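Participant: sequence first, predicted model second:
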Amino acid sequence: MKILSLFCCLFFVGFAFTSPLVLAQNAFPSELVNFKAYAENPIFTGTNIDTWDKQIRERGFILKEGPNYHVWFTGYSPASPTKFLGYATSKDGIHWERFSKETIHASQWVEDMCVVKSGKTYYMFAEGEGDIAHMLVSKDRVHWQEKGNLDIRNVDGSPIRKGAYGTPTVIKANGVWNLFYERDDLGIWLATSKDLKSWTNVQDEPVIKMGPETYDLFAVAMNQVIRYKGLYYGYYHASAFKDWHEWSTNIAVSPDLIHWKKYEKNPIMGNNQSSGIVLKDGKGFRLYTMHRKVNLYFSEGASK
């Protein structure tokens, strides 16, 4: 009897310890992975005329506040190497009006941004020139104050090696800021901060690596992390090609932001429908893919 009791105790302790990862294997709700295209895509593009935003590229970012939608995007023109910040608003998340014909932040390179609102302040984490992540802050979504490049440290406190660290993606959880970043798109790292002044890796190896499947064998970078039904979901873009000529949108799940399980049916969007982010929409979600043009997709149960 004592042996049986000990066995049962060890069994339930073992199950409790492993259950988050077991759960993660079957934790991809349909509304997060199955999407149908909006019939009138694309919903937002570059101007296609000789302006600073003749074309748009990489990840823009969308927030919904009250009934209104806000998008920040990167505009560029072949006439200038600099990537500029644009801003537009919408009442339905489909039809957009640019705030200005000019960039809203002319003094600096801003690309591949993520925007988080905390309190009354908007925090923008973006790539600058050379794919170096930096932070800007705003009180009104339009006027942004530069706060400098992100200071990222290894676990032992030493600076990470020199070179690019881009596609910054941030989620605030339990009072801690969590930063996902890539290095030449060869893996996704995680660093945390309590003061937004310095960031420390949770480990010096990527939390999401490339492969072993073909769809993300040559590049990975996080776009957005959300919390849904007690778990974290990361939407990330990836490439199956060494020259990166085509990208896809994919998803992974985690109980703790460190240990991730990739969706077995990735990619959820292929054919260069990448840099995807989602917004809650009724019982479902909207997925926006944002590289070179913005396309909209609705999940089952979302508004059409």
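Facilitator: Yep, that arrived.
Participant: ok, so what distance separates the residue lying closest to residue 229 once chain neighbours are set aside from residue 135?
Facilitator: Leaving aside its sequence neighbours, residue 229 sits nearest to residue 29 (C-beta to C-beta, 6 or more residues apart in numbering; 7.1 Å). Just so you know, the C-beta spots here come from the backbone N, C-alpha and C atoms, and that holds for glycine as well. Residue 29 sits 32 Å away from residue 135, going by C-beta to C-beta, to the nearest Å.
Participant: and for residue 288?
Facilitator: Taken as C-beta to C-beta, the span from residue 288 to residue 135 is 23 Å.
Participant: of those two, which one has the most company?
Facilitator: Comparing residue 288 with residue 135 by other C-beta atoms under 10 Å, the one with more neighbours is residue 288, at 27 against 20.
Participant: helices or strands next to the strand or helix carrying the more buried one in the packing?
Facilitator: Using DSSP states H and E, the element containing residue 288 is strand 284-289. For strand 284-289, the packing partners by 3 or more C-beta pairs under 8 Å, 6 or more residues apart in numbering; DSSP states H and E come out as helix 30-33, strand 277-281, strand 295-299.
Participant: contact partners of stretch 118-133?
Facilitator: Outside stretch 118-133, the residues that touch it by C-beta atoms under 8 Å, 6 or more residues apart in numbering are 58, 72, 82, 85, 108-117, 134-139, 141, 144, 149-150, 152, 164-170, 172, 179, 181, 184, 196.
Participant: in it, what's buried?
Facilitator: Within stretch 118-133, the residues that count as buried by 16 or more other C-beta atoms under 10 Å are 122, 123, 124, 125, 126, 127, 128, 131, 132, 133.
Participant: may I ask which helix or strand encompasses the last one?
Facilitator: It stands for residue 133. Counting by DSSP H and E, residue 133 is part of strand 133-138.
Participant: now the element after that strand, going C-ward?
Facilitator: Using DSSP H and E, the first helix or strand after strand 133-138 is strand 145-149.
Participant: in its sheet, what does that next one sit against?
Facilitator: Neighbouring strands of strand 145-149 in its sheet, by DSSP bridges, are strand 133-138 (antiparallel).
Participant: just the buried ones from the contacts of stretch 118-133, in PyMOL syntax?
Facilitator: Buried members of those, defined by 16+ other C-beta under 10 Å, are picked up in PyMOL with:
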select buried, resi 58+72+85+108+109+110+111+112+113+114+115+116+134+135+136+138+141+144+150+152+165+166+167+168+169+170+179+181+196
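Participant: wait, what's in contact with the closest residue in space to residue 148 that isn't next to it in sequence?
Facilitator: Using C-beta to C-beta, 6+ apart and skipping the chain neighbours, the partner closest in space to residue 148 is residue 134 (6.1 Å). Contacts for residue 134 were tallied using C-beta under 8 Å, 6+ apart; they are 125, 126, 127, 128, 146, 147, 148, 149, 150.
Participant: how close does residue 134 sit to residue 196?
Facilitator: Distance from residue 134 to residue 196, by C-beta to C-beta: 12 Å.
Participant: show residues contacting stretch 186-204.
Facilitator: 123, 135, 147, 150-155, 157, 160, 165, 175-183, 205-210, 219-222, 234, 236, 257-258.
Participant: any buried residues in it, and which?
Facilitator: 187, 188, 189, 190, 191, 193, 196, 199, 200, 201.
Participant: could you export the residues you listed as TSV, including pLDDT and secondary structure?
Facilitator: Putting the buried residues of stretch 186-204 into TSV (pLDDT from 0 to 100; DSSP: H, G, I helix; E, B strand; the rest coil) gives the following:
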residue	pLDDT	secondary structure
187	98	coil
188	98	strand
189	98	strand
190	98	strand
191	98	strand
193	98	strand
196	98	coil
199	98	strand
200	98	strand
201	98	strand
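Participant: sweet, I'm off.
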